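*Asks:* quick one, fold the following:
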Amino acid sequence: MVWKYFGLWQLPGKILSFASSVRATHNYLRNLKPDLVHLNSSTLAASAQASHEAGIPVVWHIREPLAKGYFGVRGNGFVKELEIC
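*Replies:* Numbering: from 1, shown residues only. Got it, this is the predicted structure:
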């Protein structure tokens, strides 16, 4: 399991990395000015956050199973927030 070896000491670095990704993506989107953002994986949360902050609609094509398997407990809460088309 991927998260088995994740230590709390790594959390501050991961938060800073996420925030940096959101900021960089937000700046890119501000320059590009797209009408829509299409994401192709559930691992692109920073891009989704940046798009949301920029007020740009997101189509998130999630291919990975969220309720079971790789995402486990984290996916269960996330699935409730999805609008499935």
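*Asks:* any idea how far residue 17 is from residue 10?
*Replies:* Going from residue 10 to residue 17 by C-beta to C-beta, to the nearest Å gives 10 Å. Quick note: C-beta positions are derived from backbone N, CA and C, even for glycine.
*Asks:* same question, residue 52
*Replies:* Residue 52 is 18 Å from residue 17, by C-beta to C-beta.
*Asks:* shaky segments in this structure?
*Replies:* For the chain, residues meeting the criterion pLDDT under 70 lie at 1-6, 65-85.
*Asks:* how about a cut-off of 50?
*Replies:* Within the chain, the ranges that satisfy pLDDT under 50 run 1.
*Asks:* what's the closest non-adjacent residue to residue 37?
*Replies:* Nearest residue to residue 37 in three dimensions, chain neighbours excluded: residue 51, at 4.4 Å (C-beta to C-beta, 6 or more residues apart in numbering).
*Asks:* need the strands for this protein, in chain order.
*Replies:* Remark: strands assigned in the chain by DSSP state E are 37-39, 58-60.
*Asks:* for the first one, list every residue counted as buried.
*Replies:* With burial defined by 16 or more other C-beta atoms under 10 Å, the residues of strand 37-39 counted as buried are 37, 39.
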